[in-house]
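Engineer: Sequence first, then the predicted structure, then my questions.
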Amino acid sequence: MNRRLLFVVNVDWFFRSHRLPIALKAKEHGYEVHLATEFTAYAEEFSQLGFRLHPLPSMRGAAGLLRSLLSLLTLIKLFRRVEPDLVHLVTIRPVVLGGIAARIARVPAVLSAISGLGYVFVDTGFRAWIRRTVVSRLYSLALGHRNLKVVFQNRDDRDEISDIAGVDARHIEIIRGSGVDLTTFCPSELPGGKPLVMFAARMLRDKGVLDFVSAARMLQNSGFALCGGVRFALVGDIDPGNPASLSREELAAIASDAGVEVWGARPDMHRVLPLAWVVVLPSYREGLPRVLIEAAACGRAVVTTDVPGCRDAIEPGVTGLLVPPRSPQELAEALKRLLNDPARCSAMGSAGRALAETSFDIRGIVERHMSIYAELLGGGGA
């Protein structure tokens, strides 16, 4: 009988963009692949790929005690019904609630993927402190399974969660991001015409979208020599399920400003990113941002923040520049330096492509996961 592998992810589009290659390789290895998530648009596609689907109520956004308990009970029932040999938990709430449910349901093996700590560890104020305190306690329960691997994308997250939950080093792996297909995301020369500076991510405050807009306006109003010939674009959509998301009205107000273009979500980022001279992500904290490794694979210089996750995705001064978080002025200055030096942009892009080839190739990421699966299942693989 094939081993049963159950992915638990908060929403289907995240699974599609960040874990689908792993699931496909697992199926190729003979695993019976199950997917439990909130389905928005991709259920038919996943069903055609041969995955067994289990719809979950939304596990995103703010959640009170009752809603969390209901989600926990739902997962316990699901695990007992499916009887997976291994559950692969992805994103914060599935990791926390799924980890606890897996212990109660006596699932034989658990892989918990910490792909960033999210707004809970970025937000400020008394309520945010309360949420962090509660989540920290829950992590210690969720990551207490005897046959467990916890995959982190950067060392800062590893150190913080390991300290909170007391995870033994034997149960920890660091895998730098979810990988990039180097045959799809390909390098190219900088495009002609007006230089384009691109922010590509969900429209979340904690990804620094408003800092990007502020920096763009500073450059446009500063007398910067190239400002009349530079374009600025936001690529991505709002995320109503995330408390940090801009509203439709806020994004429309930005779109009405002729200085910043709003392109919306794009499914063809391998064609979109090469349009830019510089790709920007002034986030406040990440796991390891996919857009930065995709930009590197496309041979584009990046400007990002000196925070966990973001700084792990580049070689500072070689493939891109680091700036402090929440600092539109320093972001604007960094962009000015690169826009005034096309040769440096090209050199950083070439170095970024080399970094992507050595560190972010999706094939290596997938094989690392297959090895972890085999280890958790006693070396027998599928």
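Structural biologist: Ah, there it is.
Engineer: All the strands of the stretch 151-300 of the chain, in order from the start?
Structural biologist: In the stretch 151-300 of the chain, the segments counted as strands under DSSP state E, counting those that start in this stretch are 172-174, 196-200, 231-235, 261-264, 278-281.
Engineer: and the ones you listed, which is most packed in?
Structural biologist: When the strands of the stretch 151-300 of the chain are scored by mean count of other C-beta atoms under 10 Å, the highest mean neighbour count falls to strand 278-281 (a mean of 28). No exception for glycine: its C-beta is placed from N, CA and C like everyone else's.
Engineer: list the helices and strands that one packs on?
Structural biologist: Judged by 3 or more C-beta pairs under 8 Å, 6 or more residues apart in numbering; DSSP states H and E, strand 278-281 is in contact with strand 196-200, helix 290-297, strand 301-305, helix 328-339.
Engineer: and the second one, average pLDDT?
Structural biologist: Helix 290-297 shows an average pLDDT of 97 in the prediction.
Engineer: so what's Arg52 closest to, chain neighbours aside?
Structural biologist: Of all residues not flanking Arg52 in the chain, His34 sits nearest, at 4.5 Å (C-beta to C-beta, 6 or more residues apart in numbering).
Engineer: Need the pLDDT of the one you found.
Structural biologist: The per-residue pLDDT reported for His34 equals 98.
Engineer: Mind putting the helices and strands packed on strand 278-281 into a markdown table with distance to Cys345?
Structural biologist: Listed next are these as a markdown table, based on distance: least, C-beta to C-beta, whole Å:
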| stretch | distance to Cys345 |
| --- | --- |
| strand 196-200 | 11 |
| helix 290-297 | 12 |
| strand 301-305 | 5 |
| helix 328-339 | 5 |
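Engineer: Tell me which of the ones you listed sits nearest to Asn147.
Structural biologist: helix 290-297 (28.8 Å; C-beta to C-beta).
Engineer: Find the least confident helix or strand in the protein, judged by mean pLDDT.
Structural biologist: helix 126-142 (a mean of 73; mean pLDDT, DSSP states H and E).
Engineer: Roughly how far does the spatially most central residue of the chain sit from Val180?
Structural biologist: For the chain, the residue sitting closest to the mean C-alpha position, by C-alpha atoms, centre = their mean, is Pro289 at 5.1 Å. According to C-beta to C-beta, to the nearest Å, Pro289 stands 11 Å off from Val180.
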